[in-house]
Structures are given as C-alpha cells and as structure tokens.
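>>> How does the following fold in three dimensions:
(chains A, B, C and D)
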2 protein chains.
Amino acid sequence: MTTIYKVAERAGVSLSTVSRVLNGRKTVNEALRLKVEQAMKELDYRPNSLARSLASNRSDSIGVVVSELSTPFFGEMLQSIETTLRECNKHVIITVGHNDLAQEKEAVEFLISRNCDALILQVGALDDAYIQELNQNRLPVSLVNRCVEGLEEACFTLDNETGGYLCTKHLLEQGHTEIAYISGPSDKTDAMQRFKGHKRALEEAGITFSEALYYEGSYQEEDGEAGLIHLLESNKHFTALVCGNDWMASGAIRCARARGIQVPQALSVVGFDNIVVARHVFPTLTTINHPIADMGKMAAKYVINKVYSGENMIQNLFAPSLVIRDSCSSQR
Amino acid sequence: MTTIYKVAERAGVSLSTVSRVLNGRKTVNEALRLKVEQAMKELDYRPNSLARSLASNRSDSIGVVVSELSTPFFGEMLQSIETTLRECNKHVIITVGHNDLAQEKEAVEFLISRNCDALILQVGALDDAYIQELNQNRLPVSLVNRCVEGLEEACFTLDNETGGYLCTKHLLEQGHTEIAYISGPSDKTDAMQRFKGHKRALEEAGITFSEALYYEGSYQEEDGEAGLIHLLESNKHFTALVCGNDWMASGAIRCARARGIQVPQALSVVGFDNIVVARHVFPTLTTINHPIADMGKMAAKYVINKVYSGENMIQNLFAPSLVIRDSCSSQR
DNA sequence: TTAAAATGAGAAAGCGCTTTCTTAAAAATT
DNA sequence: AATTTTTAAGAAAGCGCTTTCTCATTTTAA
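Residues are numbered from 1 along each chain as shown, chains lettered A, B, ... in the order given. Reported below is the predicted structural model:
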C-alpha cells in the first residue's frame, strides 16, 4: 500500500508537505506541489480515508435513517441524497427505522457509533425531545418530512395544507359539492395538515364539512377500502373522494370497482404524493406531487453547509402541485 | 470523549486488557473482565470505530453498487442486505451506478477509497474482466443477478430459464397455443435465458416458435406498448403475450386497453419479476416471483462468511415461482 | 521437588494520516 | 546594512485503537 511517507520520499519532501498538498493548503511552493503531485500519480497513491478521519476527527460520512427502503418514494429521496453528497466526496450510510421507536433509536445509535458527521432523519417514532437532544449534544441533524421545534432550519417539509387544499379545490372546480375524505392518522402532523387544507377549500366554497363524510385511516392501502365501505354505509351521498395518500386512494379505487362503482364516472378520486403506483392504477390517479427528491437534495445541501462549510441556498418549505390524470370527472 | 485509556485506568488494568475484553478474547481472567465491563458501563464507553478500523485494517463496512435506488425492486434487496449486515454490526455504504460504465466504475473506486471490506454489486455495465480483476487484486466481491466466470460462488442469480418456462407453460395449460413474446435486450443474459425458457415450453408442447410473434425491447414500460403495436401489425394472430418483465407487461396492458383489446378476455398477459406495480395494474398481473430480497440477503451472508469468517449456508441459484393474478384467462 | 509448558496481562510499537510547533530562508522595512 | 516580518517546509506529537512481544505467574508433567 502506498502511504504518504512513500510519496514524501519519492518527491523528496517531508510528509507534512504531502499532507498540505493533499488538503489543498496554498502555503506550499508551486514547484514542490507539482513534484508531490507527480509522485502521487507515479505511485498511484490513494489516501487512506480511515487514517484521515481518525486524525482530523471527521469521517466524511452522513448517516441516514429512512422508514422504508423498499418503497420507491423514499428511494427517490435516497437517490438524490446520495448523489448530492457524493459530489462532495461524502458518503452515505443508510439504515432503516420502520417507523418503530426502538429501531429508530438503534439506527441512530449505530450511526453515531460509525462516527457520522451528521444525520439525515426521515423518522416517525422518535420524539421531538430526543431529536433536539441529539442535535444539541451529539451531532447535527436534518429532518425530512417533519418539523421539530427549535430545529426549523434543519427541517424540510412539504406544504401539506396547501396540498390538501389543492385536492379539494380541484374537485370543487369540477363541480363536485359532496366530497368525502379519507385521512391519514390523526397523530401525524402531515395528515392533519392535508385535512385542514381540505376543510379550508370547503369553507371557501361555502360548504359545511360533514363528519359523515370523514374517515380516518393509517395511510395503508387497506384503509382505502375500509374507508370507502365505511363512507358508503353512512348513506350520505358523495360524488368525490379525497384520500390522504396514494396508497389509500388506490385501495379505494379497487374497492369501488369491486362494488361496481365506476371511477371516475360515478366517483372521482384524488390521491396525494404522486408515488409511482399512481400512474399504474386504473384509472390513473389524479394526485398531488410531493417533490421528495428535491427535499432530500436540500437536506443534503443543508448538511454540507452545516458540517463542511458549504454555501448552498436553502429552502425549507416545498410547494405541492396538482397532477391531473384520469380518476376525476366533471360533475357538471 | 471516553477512550480506552480511561476505561483501563478506571478498571485498574492496562489498555491491552480492555482491548481484549472489547474484542471478546477469552484469554482474560473473569474477574478482570467484569471489572472492565463495569468500568465501560460507568463511563458510557463507546469504542471509536475509526480507530479500530485503522488499527485492525478492517472497516466493518460493505459497499453496495445498485443500478437504481428509486425503484422498489432493488429497494427490497437493499433492505435485506442492510438488515442482514447490521445484525453483524457491519454497515452498508450504498452507491448508484445507473447501469452506466463510467458511473459504475466511479462508484467502485469510491467504495474502495472508503476502505470497504467487500463489495456487493448489482451492475450491468462493468465487464467481467474488470470484476474478476477487482475481486482478485482489491477486495472480495459478490454479485447479484449476474454470473461472472470464475466467481460462481460469489454470484447470486435467479433461474431465469425456468422462470421463462413457467410463464409459457402456464399459458399453454390454459389452452393458449398462439403466444407472443416481448423480450428484454438480447445483450442481457437474464433476458435471453427467460426467452430460452419460453422456447423450451413451446417446443415441449410441439409448437414451432415464430419470429413474427417476437419483439425485442429494453425492459422499459414503453417497450411494452411499442412491442404490442409491432406484434399486432405483424398480423399474426395470438391470444397470449409473455413479457420479459413487469414493466413491459404493464405497458402492453395499457396499450391493449387503449386499443380496445380486453385483457384477459381477448389477450392474456404474463409478466416477470413480481414488482409492486404488478399488483396495481388493471387487471392485476400474473407474473413470476423474483425473490430479490432473499438473494440480497444471501449475498450479504456470503460476504459475512468470506470476510468475517461467518458460517452461513449459501445458495447461489434461486427458484422463480408463478404468481397467478387476473391478467390471464383460459382459452378453452 | 524440579523442570517444562501453559496462561494471563502489561509494555510498546504501530495503523496512516492531521496539525501544531519550530525554524530556516526570503522579503520587506527602516 | 541591520532588523523585522512573512513565507515555506520539516519535526514531532498525537488521533484511539490492535497486536506482537515479553515476562511473571500458575499449572502440569516428570
């Protein structure tokens, strides 16, 4: 293995000088710098990143905790995080938290033990206090799809309220007035914000929100089916359905078809997130685009600024946008 | 920061002894071991993994190159790799190769520079010679979904030929005799093996393969559409279609619907891989299950055996299985 | 009982770098 | 021309561990 010593020897300089060249310090004579670079090339020298890290107390690695690796939604996020960080020669250690408290904690501990310089968290179970503590006493933290008090600058979130508003607004514009809503779990901020946007749109149109047209699920596909059945049984008529995410929308559409309810002719459905599957359900799903890749990239840039003194522009709040496909029809 | 010195001091032993306890060497007196463990607990000692790696010349990290992170298929694989390795306290550094030669090489170089102990590769562009060289001169390599000569033990593949056979066999059993085939690219071994299985099934049934019922795509969704159009234009009648993967099957089904061809009544379609989307296309897709998560896990176990002297049972070839859904109908 | 073998633990030398401290030489100031 | 300031490069001390070497002590064999 070629070490810095051998390079120094070959170039006829001290290893300090080689180190300086390596780290781009400019307090080194141009002639020597060239000699050193030449020697490095000749010996095919590759610095040992472990030794560097040990000596400089910096690992150039960023830990990521993601709830699931097997869904494309977070895959997109990871991909942009990885790309952004590797451009800066940092690397990403990925762990999976499964939205489970114990697993998330273990993942974080693991990443700390791996000497990560910072953490990017997409977690649901860890409480705010833990995260604040972590950021304060251990290492810089960045959060995707979650807002933690006191860490606003490190949080990258979608404007869910506006997203929810856009869903319902779209249906209203199509002439729908009886609009049901299947929500995500009420203990999730994003689910509640989406719902809030829905109500704002209704209000704006002068429509009173009816509890009978509301169902709370937990973001799973089955909740879409269960929700639709529940809503149908309430016997309150509706011509459109907003779902808290695409999975539930997919479940609802499947359930509607099974019951002979034509989508979109008899029922318009809107989802949320624009996951890959939204393009493949039948009919293809009108939904809200969630720019998760951009958000991941931004979280990565934030970390670069914070830990490696980068100077990227940072944006914390992301705008949702309506993607119109085939699952809605006009009611006029 | 608590170091091994402080632990040694507190326990009243030398740092060698602490190191021995840390590494589970049994040449240490039980009483001392307890004292050391006590001291570690009291000081909340966490070994510095960088220092360990530098001294032991082992990073406990495995590099993974995957073609895409944003598709759930490889996400499943990564998830099982990560889980398996973290159970052994190893960590995973993930990079993306995009099936592009330059990017794949860069990813490998990057992982080497990160002192990975081994590599798990899911790559399409790197040539066999490069991989052999890598494995021989640099660090142990394991391959998923690819077979490299001389590295058979490190390769984890699906029995694609049998998979292709199963597709067509299923259609034949349903009474179909005119079966079209949309293949993946002919320079990919897996695509050709799947196709080979198809032909074997035909042959076994005494049916002559017809070039007119064959189209070569490149595994993309659009190829399913283009392929179906091509096949329809050939004016050779067929009642069933086998696609080289689920994406192309999805494209073909969509195209069929757009042209008023009822699936499965007028056309039965079979896919391959059983990706998540296969459950969401309409009608839901009959396909071949590709146990990619199991394969990833096995690759991880292989690495554990190879580098960390584990003793897992290893299986290199994986069996495909038919998943029957709604996209095929009987022709009788 | 004595010599030989086995066991357990400490001392010390790295692992390959970064970084601080020092000093020699060159440039600028008077 | 003498002094001060600046610049450039080397020496050396770590970073926090592992591991080899060594030696004192205990166990076993003769």
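
>>> going forward, measure contacts between C-alpha atoms and count neighbours the same way
OK.

>>> residue in the stretch 101-250 of chain A nearest to DNA strand D?
Closest approach between the stretch 101-250 of chain A and DNA strand D, counting by CA to the nearest atom of the strand: A:Ser113, at 10.1 Å.

>>> what's the domain layout of chain A?
A:4-47, A:59-158+A:292-319, A:160-290 (automatic domain parsing).

>>> now the second one, how far from the chain's geometric center?
When C-alpha coordinates are averaged (CA atoms, centre = their mean, to the nearest Å), domain A:59-158+A:292-319 and its chain have centres 9 Å apart.

>>> Mind checking if that domain is in reach of chain B?
Yes: shown here: domain A:59-158+A:292-319 in contact with chain B (CA under 8 Å from any CA of the partner chain) through A:68-79, A:82-83, A:91-96, A:113-115.

>>> ends of that domain, how far apart?
Length of domain A:59-158+A:292-319, first residue to last, CA to CA, to the nearest Å: 34 Å.

>>> quick check, it touching DNA strand C?
No: residues of domain A:59-158+A:292-319 are not located near DNA strand C by CA under 7 Å from any atom of the strand, the shortest gap being 10.6 Å.

>>> In strands only, show me the residues of domain A:59-158+A:292-319 next to chain B.
A:91-96 (DSSP state E).

>>> which of the residues of domain A:59-158+A:292-319 next to chain B are buried?
Taking 16 or more other CA atoms under 10 Å in any protein chain shown as the criterion, what is buried in the residues of domain A:59-158+A:292-319 next to chain B is A:68-79, A:82-83, A:91-96, A:114-115.

>>> Which strand or helix spans A:Lys306?
helix A:292-308 (DSSP states H and E).

>>> now for that helix, which elements pack on it?
The contact analysis (3 or more CA pairs under 8 Å, 6 or more residues apart in numbering or on different chains; DSSP states H and E) places helix A:292-308 against helix A:72-87, strand A:118-121, strand A:141-144, strand A:155-158.

>>> now these as TSV including distance to B:Arg259 and mean pLDDT?
Output for the helices and strands packed on helix A:292-308, formatted as TSV (distance: least, CA to CA, whole Å; pLDDT from 0 to 100):
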stretch	distance to B:Arg259	mean pLDDT
helix A:72-87	30	95
strand A:118-121	46	98
strand A:141-144	43	98
strand A:155-158	39	98
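
>>> so what pLDDT did the residue nearest to A:Leu43 when sequence neighbours are not counted get?
Counting by CA to CA, 6 or more residues apart in numbering or on different chains, A:Thr2 is the residue found nearest to A:Leu43 once chain neighbours are left out, at 6.8 Å. On the pLDDT scale, A:Thr2 is placed at 91.

>>> check contacts around A:Thr2.
A:43-46 (CA atoms under 8 Å, 6 or more residues apart in numbering or on different chains).

>>> if we can go back for a sec, would you mind giving the domains of chain A as a markdown table with distance to B:Arg52 added?
Converted to a markdown table, the domains of chain A look like this (distance: least, CA to CA, whole Å):
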| stretch | distance to B:Arg52 |
| --- | --- |
| domain A:4-47 | 18 |
| domain A:59-158+A:292-319 | 11 |
| domain A:160-290 | 41 |
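
>>> Tell me which residues touch whichever residue of the stretch 101-250 of chain A sits closest to DNA strand C, please.
Across the stretch 101-250 of chain A, the shortest distance to DNA strand C (CA to the nearest atom of the strand) belongs to A:Asp117, at 13.9 Å. By CA under 8 Å, 6+ apart, A:Asp117 lies in contact with A:58-63, A:139-140, A:307.

>>> do that again at 7 Å, thanks
Contact partners of A:Asp117, counting by CA atoms under 7 Å, 6 or more residues apart in numbering or on different chains, are A:58-62, A:139.

>>> same check, this time on A:Phe156
With CA under 7 Å, 6+ apart, A:Phe156 has these contacts: A:143-146, A:295, A:299, A:316-317.

>>> do the same with A:Val263
Contacts of A:Val263 (CA under 7 Å, 6+ apart): A:Ser327.

>>> now it: how far from B:Thr83?
Counting by CA to CA, the gap from A:Val263 to B:Thr83 is 40 Å.

>>> and what of A:Ala266?
From A:Ala266 to B:Thr83 the distance is 45 Å (CA to CA).

>>> related to what we said a few turns ago, check what pLDDT the residue of the stretch 101-250 of chain A closest to DNA strand C gets.
So A:Asp117 comes in at 97 (pLDDT).

>>> just the helices in the stretch 51-200 of chain A please.
Secondary structure of the stretch 51-200 of chain A (DSSP state H, counting those that start in this stretch): helices at A:72-87, A:101-113, A:128-137, A:160-173, A:189-204.

>>> picking up where we left off before, quick one: closest of the domains of chain A to A:Asp326.
domain A:160-290 (5.1 Å; CA to CA).

>>> Now the terminal residues of that closest one, how far apart.
Rule used - CA to CA; the end-to-end distance of domain A:160-290 is 9 Å.

>>> shaky segments in chain A?
For chain A, no stretch is flagged by pLDDT under 70.

>>> Flag every residue of it that's near DNA strand D.
Residues of chain A lying close to DNA strand D (CA under 7 Å from any atom of the strand) are A:12-17, A:26-29, A:31-32, A:51, A:54-56.

>>> one step back: filter the contacts of A:Thr2 to keep only those in contact with DNA strand C.
Applying CA under 7 Å from any atom of the strand to these, those adjacent to DNA strand C are A:Arg46.

>>> any idea which of the contacts of A:Thr2 is the one closest to chain B?
Set against chain B, the nearest of those by CA to the nearest CA is A:Arg46 (7.1 Å).

>>> How about the secondary structure of that closest one?
coil (DSSP: H, G, I helix; E, B strand; the rest coil).

>>> For it, what are phi and psi?
phi -130, psi 120 (degrees, to the nearest 10).

>>> ok, now which ones touch it?
No residues are in contact with A:Arg46 under the rule CA under 7 Å, 6+ apart.

>>> Neighbours of A:Asn160, how many?
26 (other CA atoms under 10 Å in any protein chain shown).

>>> what's the closest non-adjacent residue to it?
A:Arg194 is the one closest to A:Asn160 (CA to CA, 6+ apart), at 5.0 Å.
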